[in-house]
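> Got a sequence here, can you model it:
(4 chains)
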2 protein chains.
Amino acid sequence: MKPIKISEAVVRRLPIYLRFLNELSLSNIQTVSSQDLGEKLDLNPAQIRKDLAYFGEFGRKGVGYNVDYLIEKIRQILKLDKTMYVALVGTGNLGRALCNYNTYIKDNMKIVAVFDADESKKGTQINHMTVRPMQELSASVQQLDISVGIITVPAPEAQNVADQFIAAGIRGLLNFAPVVLKAVPGVRIHNADFTAELLSLAYYMDHINEAKEGDE
Amino acid sequence: MKPIKISEAVVRRLPIYLRFLNELSLSNIQTVSSQDLGEKLDLNPAQIRKDLAYFGEFGRKGVGYNVDYLIEKIRQILKLDKTMYVALVGTGNLGRALCNYNTYIKDNMKIVAVFDADESKKGTQINHMTVRPMQELSASVQQLDISVGIITVPAPEAQNVADQFIAAGIRGLLNFAPVVLKAVPGVRIHNADFTAELLSLAYYMDHINEAKEGDE
DNA sequence: TAGATTGTTAATCGATTAACAATC
DNA sequence: TAGATTGTTAATCGATTAACAATC
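Next up is the predicted model:
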């Protein structure tokens, strides 16, 4: 309907809003203003209003936003009103950690299949799921209606895994491996690149030339 | 010396450059052009040249950049020419996964102390480190010259842990908990928020109204 | 010399913020 | 009615890209 292009920056903030609204809802808070949200989320209130206004008129002037209504709306926007099925490849420490997060990701994204290239892992249980061999990837993606893949394999294997996901018809990938995957049309790739996040943190360490209070 | 403010976007790309340059170096490739880099990293070559030019003239016209020299320079810029010590709090699956990444983070960032609020975890070994109780956090940060803290505790505890880190004099925090931490001057906070990354991925799933090839 | 590629300026594009009329 | 807060326009700010002279 609306042909307006929504910027990535806007979409990236929606889950942040959603998360905090969920907290408010649990505390039985029914109304929230862009002012309140801005303070808690360290964002400009005007930006929050503008972000939301791209998708509709969700607030009431002089009043604010109804928390539960806004939750519902943001979930619709993100297409999390129906469950989205996810597959994960790579059952190292990180992969297992993410599988157990399933509890947390109650936001209608559900890891339903886990894979590992290592044959010896086959049949192992992780959070009530049986680890499958890579040969089953394509069939599982189709059968289980999986649209998103999570990649938690070592860097050198990541592109290969991505290629297999893409061949299987995946729609989106969340890549934890520290490599830049080749982009392909029709497949959205997000990176969860904490090594880069950590290294860039170093840059800011001494630029703050603040008072050293200790010479002990 | 140079009073030019470097944007966050630029700093965030530096580790990406560094990572790929390290790969090139391992393959004994000695020279690289912004063109090459742009193709492999899916970035505009002009942007790469501009990013690097903020910090000096590292390339040679008509030739390109010397890989090892550029690595050295980027490491200097990020202040990774000397080892930076890191503490981690929260020894769940994710925390343990990150500790074992130490091998990978050979980029002069080193996790040297691990903490957990759960007293029963005290004394456990993770990647040759002994898990310490939270009471020791402040002393350890001082004694071990720790400047960066990693937070891998459940969301409700994250702010408390951040406060303790800040009180101990930490300079930077990498937060994996899905909450927005209160900003304080002099402490840089980066978020490694993969739940947000995953949820925002959902948004893009059906906007691509591509041909559905299957009606089986 | 001819070809390649940088460093940098100018042009474009996009995102954030301020301001305010509309209205609850 | 007075106070509060949205939705939205306009102004500002910042980041990306194109273009090209300089030069290896």
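> Relative to A:Gly95, how far out is A:Gly172?
Going from A:Gly172 to A:Gly95 by Cβ to Cβ, to the nearest Å gives 17 Å. For glycine as for every other residue, the C-beta is placed from the backbone atoms N, C-alpha and C.
> And for A:Gly62, the neighbour number?
Neighbours of A:Gly62 under the rule other Cβ atoms under 10 Å in any protein chain shown: 6.
> So chain A: which segments form each domain?
Listed by automatic domain parsing, the domain ranges of chain A are A:8-77, A:84-199.
> looking at these, which is buried most?
Of all the domains of chain A, domain A:84-199 has the most neighbours on average by mean count of other Cβ atoms under 10 Å in any protein chain shown, namely a mean of 19.
> which one's the longest helix in chain A?
Determined from DSSP state H, the single longest helix within chain A is helix A:8-26.
> Just checking: what are the partner strands of the helix or strand following that one?
Moving toward the C-terminus from helix A:8-26, the next helix or strand (DSSP states H and E) is strand A:31-32. Using DSSP bridges, strand A:31-32 pairs in its sheet with strand A:64-66 (antiparallel).
> Is there contact, residue-wise, from the helix or strand just after the partner strand to chain B?
Moving toward the C-terminus from strand A:64-66, the next helix or strand (DSSP H and E) is helix A:67-77. Yes: with Cβ under 8 Å from any Cβ of the partner chain as the criterion, chain B is reached by helix A:67-77 at A:Ile77.
> average model confidence for helix A:67-77?
The predicted model assigns helix A:67-77 a mean pLDDT of 97.
> where exactly do the strands run in chain A?
Remark: strands assigned in chain A by DSSP state E are A:31-32, A:59-60, A:64-66, A:84-89, A:109-116, A:125-126, A:129-133, A:146-151, A:172-175, A:188-191.
> Out of those, flag the one nearest DNA strand D.
The closest of the strands of chain A to DNA strand D is strand A:59-60. By Cβ to the nearest atom of the strand, the value is 2.9 Å.
> List the contacts of the closest one.
If you take Cβ atoms under 8 Å, 6 or more residues apart in numbering or on different chains as the criterion, strand A:59-60 is touched by A:Ser34, A:Arg49, A:Leu52, A:Tyr65, A:Asn66.
> which stretch among the domains of chain A comes nearest B:Gly38?
domain A:84-199 (11.0 Å; Cβ to Cβ).
> what does chain A put close to DNA strand C?
Within chain A, the positions adjacent to DNA strand C are A:7-10, A:43-44, A:46-47, A:49-50, A:60-63 by Cβ under 7 Å from any atom of the strand.
> how about the longest helix of chain A against chain B, any contact?
Yes: if you take Cβ under 8 Å from any Cβ as the test, helix A:8-26 does meet chain B, through A:Val11, A:Arg12, A:Leu14, A:Pro15, A:Ile16, A:Leu18, A:Arg19, A:Phe20.
> just these that are near DNA strand D?
With Cβ under 7 Å from any atom of the strand as the criterion, no member of the residues of helix A:8-26 next to chain B is in contact with DNA strand D.
> Pull up the distance across stretch A:23-37, start to finish.
End-to-end distance for stretch A:23-37, by Cα to Cα, to the nearest Å: 12 Å.
> Any idea how far that stretch is from the middle of the chain?
Centre-to-centre, stretch A:23-37 and its host chain are 22 Å apart (Cα atoms, centre = their mean, to the nearest Å).
> who's in contact with it?
Residues from elsewhere that reach stretch A:23-37 (Cβ under 8 Å, 6+ apart): A:17, A:20-21, A:43, A:45-46, A:48-49, A:59, A:63-68, A:70-71.
> Please apply the same query to stretch A:42-52.
For stretch A:42-52, the surrounding residues in contact (Cβ under 8 Å, 6+ apart) are A:10, A:13-14, A:17, A:33-35, A:37-38, A:41, A:58-59, A:65, A:70, B:180, B:182-183.
> Tell me the spacing between the closest residue in space to A:Val10 that isn't next to it in sequence and DNA strand D.
Spatial nearest neighbour of A:Val10, excluding adjacent residues (Cβ to Cβ, 6 or more residues apart in numbering or on different chains): A:Asp51 at 5.0 Å. To DNA strand D, A:Asp51 is 8 Å away according to Cβ to the nearest atom of the strand, to the nearest Å.
> repeat for A:Asn44
Relative to DNA strand D, and taking Cβ to the nearest atom of the strand, A:Asn44 is found at 10 Å.
> Could you export the residues of helix A:8-26 next to chain B to JSON lines, including columns for pLDDT?
As requested, the residues of helix A:8-26 next to chain B are exported to JSON lines (pLDDT from 0 to 100):
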{"residue": "A:Val11", "pLDDT": "97"}
{"residue": "A:Arg12", "pLDDT": "96"}
{"residue": "A:Leu14", "pLDDT": "97"}
{"residue": "A:Pro15", "pLDDT": "96"}
{"residue": "A:Ile16", "pLDDT": "97"}
{"residue": "A:Leu18", "pLDDT": "96"}
{"residue": "A:Arg19", "pLDDT": "95"}
{"residue": "A:Phe20", "pLDDT": "96"}
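> As JSON lines, those residues with distance to B:Glu119 would be great.
Converted to JSON lines, the residues of helix A:8-26 next to chain B look like this (distance: Cβ to Cβ, whole Å):
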{"residue": "A:Val11", "distance to B:Glu119": "42"}
{"residue": "A:Arg12", "distance to B:Glu119": "38"}
{"residue": "A:Leu14", "distance to B:Glu119": "39"}
{"residue": "A:Pro15", "distance to B:Glu119": "34"}
{"residue": "A:Ile16", "distance to B:Glu119": "33"}
{"residue": "A:Leu18", "distance to B:Glu119": "35"}
{"residue": "A:Arg19", "distance to B:Glu119": "30"}
{"residue": "A:Phe20", "distance to B:Glu119": "31"}
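> quick one: which of those is nearest B:Ala196?
Distance ranking of the residues of helix A:8-26 next to chain B against B:Ala196, using Cβ to Cβ, places A:Pro15 first at 4.1 Å.
> Now for the closest one: which residues touch it?
A:Leu78, B:Thr195, B:Ala196, B:Leu199, B:Ser200.
> farthest pair in those residues?
Greatest spatial distance among these (Cβ to Cβ): A:Leu78 and B:Thr195, at 12.1 Å.
> pLDDT below threshold where in chain A?
Along chain A, segments meeting pLDDT under 70 span A:1-4, A:102-106, A:207-216.
> Quick check: chain neighbours aside, which residue is closest to A:Arg132?
In space, and not counting its chain neighbours, A:Arg132 is closest to A:Phe115: 5.1 Å by Cβ to Cβ, 6+ apart.
> Can you give me the distance of that neighbour to chain B?
A:Phe115 sits 17 Å away from chain B, going by Cβ to the nearest Cβ, to the nearest Å.
> and A:Asp193, what are its phi and psi?
Here is the backbone geometry of A:Asp193 (degrees, to the nearest 10): phi -110, psi 80.
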